[in-house]
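Undergrad: Sequence first, then the predicted structure:
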Amino acid sequence: MPVLVIGLDAAWRTRMQHLLSLRGELDWLGAYAPAQPRNGANSPPALLLLDGDDPGVERERRKPQLPPPRRLYFYRNPNVDALRHSIDAQGHACLGKLDPPEIVMRAIRAAESGLFVVAPELLVESLHAGTGVPPPSPMPDPPLHGTPDHPGDWSSLTERQREIVHWAARGMSNKQIARQLGISPETVKTHLHHVFEREGVHGRMALLAAHVSSPERASS
């Protein structure tokens, strides 16, 4: 996949250059400011990594006879407004400029499949924006409980696992949960993996759905 980086943020362009230019699975076309000449970029990009903080980046136009490239937007502060901008621009990702290399590569692979990538906590925040309902927040509520026949039943979990599920269902990342509980992010990840297997759910959004739809949550 031919990849081109465009944006005014020189530090971000340099970071993308270091992360991606030597990866053999990518056809690296370079990193440029919007009006900067592109040396040696003979093939059209299939994927654009764009500086979402740069208003001028949208002036980039593709040749009309070519299919539109997929777009990944990067922001200094990815928030709900940034997510809306990414969606309105028909992008395939709303990412942070300092996201780790593995996140960037996952987003690129997902874009190849036509998927949209965003951090779970930002998605949760966007679902609550404009609804009058505040997003889930890290408040010290009791551990989750439910009924034996309901997916919100966490009674078979250990106390530590219930604590982790409690915070994960509120959109907190592994690092945030680790800081909250005074444990390592890897320990959080391991506990969540065991919970997914034991409860038959697949990922954080399934945890969130189970929590929101539980009878206890609905009546609170």
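TA: It's in. Residues are numbered from 1 along each chain as shown.
Undergrad: Do a quick rundown of the strands in this structure.
TA: 2-6, 27-32, 47-51, 70-75, 93-96, 117-118 (DSSP state E).
Undergrad: Nearest to R109, out of these?
TA: Across the strands of the chain, R109 has its closest neighbour in strand 117-118 (9.3 Å, CB to CB). From N, CA and C alone the C-beta is placed, and that goes for glycine too.
Undergrad: Quick check: which helices or strands does the helix ranked longest in the chain pack against?
TA: With secondary structure taken from DSSP state H, the chain has its longest helix at helix 185-199. The helices and strands touching helix 185-199, judged by 3 or more CB pairs under 8 Å, 6 or more residues apart in numbering; DSSP states H and E, are helix 159-168, helix 174-181, helix 204-212.
Undergrad: Identify each buried residue in that helix, please.
TA: For helix 185-199, burial by neighbour count (16 or more other CB atoms under 10 Å) applies to 188, 191-192, 195, 199.
Undergrad: One more: stretch 20-38?
TA: 20, 26, 28-34.
Undergrad: Can I get those residues in a markdown table including pLDDT and distance to Q90?
TA: Listed next are these as a markdown table, based on pLDDT from 0 to 100; distance: CB to CB, whole Å:
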| residue | pLDDT | distance to Q90 |
| --- | --- | --- |
| L20 | 92 | 22 |
| L26 | 89 | 22 |
| W28 | 90 | 24 |
| L29 | 91 | 21 |
| G30 | 90 | 23 |
| A31 | 91 | 22 |
| Y32 | 90 | 21 |
| A33 | 89 | 22 |
| P34 | 84 | 18 |
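Undergrad: wait, isn't R15 in contact with D99?
TA: No. If you go by CB atoms under 8 Å, R15 and D99 don't touch, sitting 10.0 Å apart.
Undergrad: of all the buried residues of helix 185-199, which two lie farthest apart?
TA: Greatest spatial distance among these (CB to CB): V188 and E199, at 16.1 Å.
Undergrad: mind giving me the domain ranges of the protein?
TA: Recorded structural domains for the chain (assignment: automatic domain parsing) are 2-118, 159-219.
Undergrad: E125: which of these is closest?
TA: It is, among the domains of the chain and with distance given as CB to CB, domain 2-118, at 5.7 Å.
Undergrad: What about S21? Give its phi and psi, please.
TA: phi -60, psi -30 (degrees, to the nearest 10).
Undergrad: start at 50 instead
TA: I'll keep to 50 as the first residue from here, and by that count the last item is S70.
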